[in-house]
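Colleague: got a structure for you, letters missing:
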């Protein structure tokens, strides 16, 4: 497919590989398509794997600028920008990943077309951090187009090429990991020392498995399996006869403890969205819920039966002082058997932890800006982070 390109485009691609060999591995692995006959590609486009090129667009650029746009598409691919969008607004995410990419490339000495999106305010930030800034800016223009286009695997554009050879999300992530390792080795061979911090952070984001927090929560819930038979509760069909037989278990948890940090670390919107998803998963497993409101101490306990909807107070949650996680785990430890299947804690992680990990499974539901590491338990970040 690459051989169908004009000599000028091929020269610019070769120059990119010679002058920036840390990108050569990616250019060699990512298919490049002449998009003249496709009818929808007006510049250069990537879907995270294929790179589509419009020769008529390239005729308006210098060869150095063509190399720069090639590098721009390659960076989108190796940094997994399209796979990292999750549930974010598509237009704003496209602007954010262009800002992040162009700032990296200009620092590496690339020449980019004048229409490229570039704003030094975002230097050193990942695409996710730039997006968070854009979404809070009432003056941001959604009409920013830059010099390229982005399409996603589900779009009609490019479907004719996305057959059996198009890699899955996990396969694209593994391909990125191989390319990134080769880039890092080449960077060291060229005597450049360590990779710049902003690129390293983008690489770390690209290397993560991109699952939404809803998917991660579902995986955690499905991993809490009951045994086939259990003595508590007894089989209700035979209790009237005074016969105490074990009841048949079903997959999934029977009882969860949900603790909410009421110091204001989780917004009402995020909390409401999470509780709604938890209720949906509970409904599949007939799971009871103990809802604990806790800041420095437990302020309120609500017991919610299987099949019942969790109702959060319309006003501010009880509490609001400092954060101490120990009272919740002390409360769980003092409860009579059976123990809960898991403790789920919504927080930003800024508080006092128990000196030892509790015996029960723990999952921390954490805001995007929350504590980066926890001493124990599974961490799920809202917004798919």
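Modeller: Yep, it's here. Everything quoted here is computed from the prediction, not taken from an experiment. Numbering: from 1, shown residues only.
Colleague: Show me what residue 288 is bridged to.
Modeller: Note on residue 288: beta-bridge partners by DSSP bridges are residue 255.
Colleague: Settle this for me: it is touching residue 305, isn't it.
Modeller: Yes: judged on CB atoms under 8 Å, residue 288 makes contact with residue 305 at a distance of 5.9 Å. Glycine gets a C-beta too; all of them are placed from N, C-alpha and C.
Colleague: okay, those two: which has more neighbours?
Modeller: residue 288 (18 against 9; other CB atoms under 10 Å).
Colleague: State the distance from the more buried one to residue 58.
Modeller: As judged by CB to CB, to the nearest Å, residue 288 and residue 58 stand 63 Å apart.
Colleague: next one: residue 348
Modeller: Distance, residue 348 to residue 58, by CB to CB: 48 Å.
Colleague: of these two, who's got more company?
Modeller: residue 58 (21 against 18).
Colleague: Mind jotting down where the strands sit in the stretch 201-350 of the chain?
Modeller: 229-234, 246-248, 255-261, 288-294, 298-304, 342-347 (DSSP state E, counting those that start in this stretch).
Colleague: Could you give the number of residues near residue 351?
Modeller: 19.
Colleague: Residue 326: what's its closest spatial neighbour, skipping adjacent residues?
Modeller: What sits nearest to residue 326 in space, not counting adjacent residues and going by CB to CB, 6 or more residues apart in numbering, is residue 354, at 5.1 Å.
Colleague: Can you give me every residue that contacts that neighbour?
Modeller: Shown in contact with residue 354 (CB atoms under 8 Å, 6 or more residues apart in numbering): 325-326, 329.
Colleague: Do a quick rundown of the helices in the stretch 251-385 of the chain.
Modeller: Ranges of helices in the stretch 251-385 of the chain, per DSSP state H, counting those that start in this stretch, are 268-285, 326-334.
Colleague: in the helix or strand harbouring residue 106, what counts as buried?
Modeller: Using DSSP states H and E, residue 106 sits within helix 90-107. Buried residues in helix 90-107, counted by 16 or more other CB atoms under 10 Å: 92-106.
Colleague: go on, stretch 121-128?
Modeller: Buried positions in stretch 121-128, judged by neighbour count with 16+ other CB under 10 Å: 122, 125-128.
Colleague: Kindly report the same for stretch 333-347.
Modeller: For stretch 333-347, a neighbour-count test (16+ other CB under 10 Å) marks 340-347 as buried.
Colleague: thinking again about what came up before, show me the one of the strands of the stretch 201-350 of the chain that comes nearest residue 40.
Modeller: strand 342-347 (43.7 Å; CB to CB).
Colleague: got the angle between that closest one and helix 268-285?
Modeller: 170 degrees (axes from the mean of the first three to the mean of the last three CA atoms, to 10 degrees).
Colleague: Show me what strand 342-347 is packed up against.
Modeller: Packed against strand 342-347 by the contact rule (3 or more CB pairs under 8 Å, 6 or more residues apart in numbering; DSSP states H and E) you find strand 255-261, helix 268-285, helix 326-334, strand 362-366.
Colleague: Which of these has the lowest mean pLDDT?
Modeller: Comparing mean pLDDT over the helices and strands packed on strand 342-347, the weakest stretch is helix 268-285, at a mean of 82.
Colleague: re the thing from before, output the helices and strands packed on strand 342-347 in a markdown table, with distance to residue 112 appended to each entry.
Modeller: Output for the helices and strands packed on strand 342-347, formatted as a markdown table (distance: least, CB to CB, whole Å):
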| stretch | distance to residue 112 |
| --- | --- |
| strand 255-261 | 44 |
| helix 268-285 | 37 |
| helix 326-334 | 52 |
| strand 362-366 | 37 |
